[in-house]
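Visitor: Here is the input, now give the coordinates:
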Amino acid sequence: MKNNFPKIVIDATAEWTGIFKRPIPRDLQSFIIDENLIVLKRVYARFNGGKATDTYQIQSEPPLLMYARHLNPNNGLISLIPSELLENGKGFDDALLRNALATRILAMRNNRNKVKGNKIKLDTLCKEVGKTNPTYNQRRTLKDNAENILTEWKKMKFIKGYDIYKLDGSRAIEGFIIQYTPFNKALN
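Guide: Sure thing, here's the model as predicted:
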């Protein structure tokens, strides 16, 4: 079978030092990564009864992921969210909300990040799910959905708990205060 996987070519000459942790050799003219976008191994299996299937196994880290990690390992461009946190989603909006919450909480839990504090504003969540001017009902639905997700994650021990906070003297909900365990002292 012919390999029809898409290829990618990255000129990483300027990133040599970050990738190899060594100074750039004086005689280096270019450093090009030329690889399949995803390196897969194909396995063909036939079962009793004649059923046949092809399966694929990822053989190495995809080159774009490797390149992005080496550009700046602490820049937050790559978010590796555990799949368990994204499961049980109910549609596209819920997936966006889960991603926004998980990204923020993972940043809070990582002591090496610049994220300070444990609050997540409801307005920020609205923007991250594409609701720039939410109606009262949209905002309330988002708050309810976020509470359901946070309750689920508390049961999974991803967070210790959460509280809702309001501005002083206001009845309007401002956001959530997340109680979490830093990674170096993680529960799981």
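Visitor: Mind naming the longest helix for the chain?
Guide: What stands out as the longest helix in the chain, according to DSSP state H, is helix 136-155.
Visitor: Run through who's touching it.
Guide: Under the contact criterion Cβ atoms under 8 Å, 6 or more residues apart in numbering, helix 136-155 has outside partners 85, 88, 93-94, 97-98, 101, 105, 122, 125-126, 129, 131, 134, 159-162, 164, 173, 176, 178. Quick note: C-beta positions are derived from backbone N, CA and C, even for glycine.
Visitor: Kindly report the same for stretch 40-51.
Guide: By Cβ under 8 Å, 6+ apart, the surrounding residues in contact with stretch 40-51 are Met1, Phe5, Ala52, Thr53, Asp54, Thr55, Tyr56, Gln57, Ile58, Gln59.
Visitor: so where do the helices sit in the chain?
Guide: Taking DSSP H as the test, the helices found in the chain are 16-20, 63-71, 83-86, 92-109, 122-128, 136-155.
Visitor: Lowest average pLDDT across those helices?
Guide: Ranked by mean pLDDT, those bottom out at helix 16-20, which scores a mean of 63.
Visitor: how much does the longest helix of the chain deviate in direction from helix 92-109?
Guide: The directions of helix 136-155 and helix 92-109 differ by 50 degrees, with axes from the mean of the first three to the mean of the last three Cα atoms, to 10 degrees as the criterion.
Visitor: May I see the PyMOL selection of the buried members of the contacts of helix 136-155?
Guide: If you want just the buried ones from the contacts of helix 136-155 in PyMOL, going by 16 or more other Cβ atoms under 10 Å, the selection is:
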select buried, resi 85+93+94+97+98+101+105+122+125+126+129+131+134+159+162+173+176+178
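Visitor: who's in contact with Leu101?
Guide: Leu101 makes contacts with Ile120, Leu125, Ala146, Ile149, Leu150, Trp153, as judged by Cβ under 8 Å, 6+ apart.
Visitor: how far away is the third one from Phe47?
Guide: So that's Ala146. The span separating Ala146 from Phe47 equals 45 Å under the rule Cβ to Cβ, to the nearest Å.
Visitor: same check, this time on the second one
Guide: As for Leu125, its distance to Phe47 is 47 Å (criterion: Cβ to Cβ).
Visitor: ok, of the contacts of Leu101, which come out buried?
Guide: Buried residues within the contacts of Leu101, defined by neighbour count using 16+ other Cβ under 10 Å: Ile120, Leu125, Ala146, Ile149, Leu150, Trp153.
Visitor: Would you mind confirming that Ile105 makes contact with Lys160?
Guide: No. With contact defined as Cβ atoms under 8 Å, Ile105 and Lys160 do not form a contacting pair (11.0 Å).
Visitor: Let's see stretch 105-117 as CSV, backbone CA atoms only.
Guide: The C-alpha atoms that make up stretch 105-117 are tabulated as CSV, following Å, rounded to 0.1, in the frame of the first residue of the first chain:
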residue,chain,number,x,y,z
ILE,A,105,-7.4,25.0,36.1
LEU,A,106,-4.3,23.2,34.7
ALA,A,107,-2.6,26.5,34.5
MET,A,108,-3.5,27.3,38.1
ARG,A,109,-2.2,23.9,39.3
ASN,A,110,1.1,24.3,37.5
ASN,A,111,3.5,26.3,39.9
ARG,A,112,5.7,27.2,36.9
ASN,A,113,3.0,29.2,35.2
LYS,A,114,2.5,32.9,35.6
VAL,A,115,-1.2,32.4,36.4
LYS,A,116,-1.8,33.8,39.9
GLY,A,117,-5.0,33.3,41.8
